[in-house]
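Student: structural data only, the sequence is not supplied:
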């Protein structure tokens, strides 16, 4: 169970908002919350990396952090466009 917020603005940059997003994971509502913390997002740039992240998590059953590293770590344009905030639970399988 994951939540991806594709919005620009203060969603992940303001401390209180980031803490509230983290609470969604701490309260076991979601296993992870991913949002972008840049001033803006450009869909054409971030969508390929975001799609790969989701595919890695749900199709290839990768651990959440590893999926993020592989998808956004390999696509510097996406990461430079908008840094990512990821809050996740350590899931034991």
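Tutor: Everything's here; your move. These numbers come from a predicted model, not from an experiment. Residues are numbered from 1 along each chain as shown.
Student: just checking, next helix/strand downstream of the lowest-mean-pLDDT helix or strand in the chain?
Tutor: With mean pLDDT, DSSP states H and E as the measure, the helix or strand of the chain carrying the lowest mean pLDDT is helix 76-81 (a mean of 81). On the C-terminal side of helix 76-81, the closest following helix or strand by DSSP states H and E is strand 84-88.
Student: can you pull the contacts of residue 4?
Tutor: If you count contacts by C-beta atoms under 8 Å, 6 or more residues apart in numbering, residue 4 has them with 33-35, 50, 54. Quick note: C-beta positions are derived from backbone N, CA and C, even for glycine.
Student: residues in contact with the residue nearest the centre of the chain?
Tutor: Within the chain, one residue has its C-alpha closest to the average C-alpha position: by C-alpha atoms, centre = their mean, that is residue 34, at 2.5 Å. Taking C-beta under 8 Å, 6+ apart as the criterion, residue 34 is in contact with 2-5, 53, 68, 84-86.
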